[in-house]
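Q: how would this look folded up:
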Amino acid sequence: MRQTFTCSLEGVDTIASILAQELEAGGILLLEGTLASGKTTLVKALAKALHVKAPVSSPTFSILQNYEDRLFHYDIYQSGLDGFLHQGLLEQLTFPSVHVVEWADEKFVRLLRGVGLDFTSVSITIEENKRHYEVTYA
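A: Below is the predicted model:
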């Protein structure tokens, strides 16, 4: 199933609420988009929708931020799939929580499919002063 939304960054709370309902029991969410497209902004809104109280920041250099064991936020821009695997984070994705991975590429998608892990993906593109979110549910 596929859904599309277009809104300003201020309207991202609505999309995050929809995603939170889908992922409330746990799951993997892959975020795609260029630099400054709003990936971390979406994660912050998702944390709010999941009632996470801890402040959310991008884990660009640490690869992983854990927020109250309810939201795990990965950023593999710097390390890629190899760094993710080297740190033993694949098993972490099976922990019953919401896992959001920024910069997951086709190799990452093939890995998830290969080990039988379902996921939802969100592709974010910038259209003038708005963001277009294409959500694909596995």
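Q: what's the burial count for the closest residue to Ala20 other than its chain neighbours?
A: In this structure, Ala20 finds its nearest non-sequential neighbour in Ala49, 3.6 Å apart by Cβ to Cβ, 6 or more residues apart in numbering. C-betas here are computed from N, CA, C, even on glycine. Number of residues near Ala49 (other Cβ atoms under 10 Å) recorded here: 22.
Q: isn't Ala49 up against Asp13?
A: Yes: assessed by Cβ atoms under 8 Å, Ala49 is found in contact with Asp13 at 7.1 Å.
Q: so where's this protein uncertain?
A: Within the chain, the ranges that satisfy pLDDT under 70 run 60-61.
Q: quick one, strands of it?
A: 2-7, 27-33, 64-67, 71-75, 98-102, 120-127, 130-137 (DSSP state E).
Q: and those as TSV, adding distance to Lys44 and mean neighbour count?
A: Shown next, in TSV, are the strands of the chain (distance: least, Cβ to Cβ, whole Å; neighbours: other Cβ atoms under 10 Å):
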stretch	distance to Lys44	mean neighbour count
strand 2-7	15	13
strand 27-33	12	21
strand 64-67	10	18
strand 71-75	9	25
strand 98-102	11	25
strand 120-127	14	16
strand 130-137	14	17
